[in-house]
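>>> have a look; sequence and predicted model below, questions after that.
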Amino acid sequence: NAGVTQTPKFRVLKTGQSMTLLCAQDMNHEYMYWYRQDPGMGLRLIHYSVGEGTTAKGEVPDGYNVSRLKKQNFLLGLESAAPSQTSVYFCASGGVFGNQPQHFGDGTRLSIL
Amino acid sequence: AQSVSQHNHHVILSEAASLELGCNYSYGGTVNLFWYVQYPGQHLQLLLKYFSGDPLVKGIKGFEAEFIKSKFSFNLRKPSVQWSDTAEYFCAVNAPGAGSYQLTFGKGTKLSVIP
């Protein structure tokens, strides 16, 4: 039972490079989320999706883009990476009701040099 | 928009000590409340949740939390901690009454349990 799978697990980029983080879930969840986790800051929502083909901005969307072409996948893109985007990125998925918990992936540790 | 405050940044306890981690939220309407735990190097896992009914909820691994609506609080407790409880704990809230299912997280409380 895979749950939420994130790839890659680690990546080092140079400033200005681009990359895409992939999140896949096998629980048929409608909602998917991308968070970043920084020391002392908790988790902050970057973007989220309430269904296939939809995306919306979260608390800290600048510098990121997302796409949800298939229900099970949610991609996070960095077009031009900056050192301030060094972080651990978590993907999560959840059901359509607010009292249903979110399920998290193992995270992607991204360093921007 | 709702916000979540966790008052303790780092708590250090000896094994068998009792634990209480504070969580306060700011939203006057109906809320769903969650506690997540993140063990070192791992992803977040749900400890417990509250959305209605008995304000005292029990979760996994002997944890419980009490929702006190008048205090806007959802404190996490455990009578006797173990070394394996060393982790970071996050309180989170969403407010479906505001049309928002997105979770707002507190900044986390790091718990270190000394054997």
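All right, it came through fine. Computed from a predicted model, the values in this text were never measured in an experiment.
>>> run a quick neighbour tally on residue 52.
I'll assume chain A. Counted with other Cβ atoms under 10 Å in any protein chain shown, residues neighbouring A:E52 total 14. Bear in mind the C-beta positions are built from the backbone N, C-alpha and C, glycine included.
>>> hmm, no, I was thinking of chain B.
Residues lying near B:S52 (other Cβ under 10 Å) number 9.
>>> scan chain B for its longest strand.
For chain B, the strand with the greatest residue count under DSSP state E is strand B:87-95.
>>> just checking, what packs against that one?
strand B:3-5, strand B:32-38, strand B:73-78, strand B:100-105, strand B:109-114 (3 or more Cβ pairs under 8 Å, 6 or more residues apart in numbering or on different chains; DSSP states H and E).
>>> so who does the residue nearest to A:G94 when sequence neighbours are not counted touch?
Spatial nearest neighbour of A:G94, excluding adjacent residues (Cβ to Cβ, 6 or more residues apart in numbering or on different chains): A:Q102 at 4.1 Å. Each residue near A:Q102 by Cβ atoms under 8 Å, 6 or more residues apart in numbering or on different chains is listed here: A:31, A:33, A:92-94, B:103.
>>> change it to 7 Å
A:33, A:92-94, B:103 (Cβ atoms under 7 Å, 6 or more residues apart in numbering or on different chains).
>>> run through chain B and note the low-pLDDT ranges.
Residues of chain B meeting the criterion pLDDT under 70: B:97-100.
>>> sorry, back to before: of the contacts of A:Q102, which is the nearest to A:G77?
Nearest to A:G77 among the contacts of A:Q102: A:Y33, at 15.4 Å, using Cβ to Cβ.
>>> in this structure that closest one contacts A:A92, no?
Yes - counting by Cβ atoms under 7 Å, A:A92 is a contact partner of A:Y33 at 4.5 Å.
>>> near chain B, which residues of chain A?
A:31, A:40-43, A:45, A:48, A:58, A:90, A:98-99, A:101-102, A:104-107 (Cβ under 7 Å from any Cβ of the partner chain).
>>> out of the residues you listed, which are buried?
Applying 16 or more other Cβ atoms under 10 Å in any protein chain shown to the residues of chain A next to chain B, the neighbour count classes A:31, A:42-43, A:45, A:48, A:58, A:90, A:98-99, A:101-102, A:104-107 as buried.
>>> can you tell me which of the residues you listed end up in strands?
Counting by DSSP E, those contribute A:31, A:42-43, A:45, A:48, A:90, A:104 to strands.
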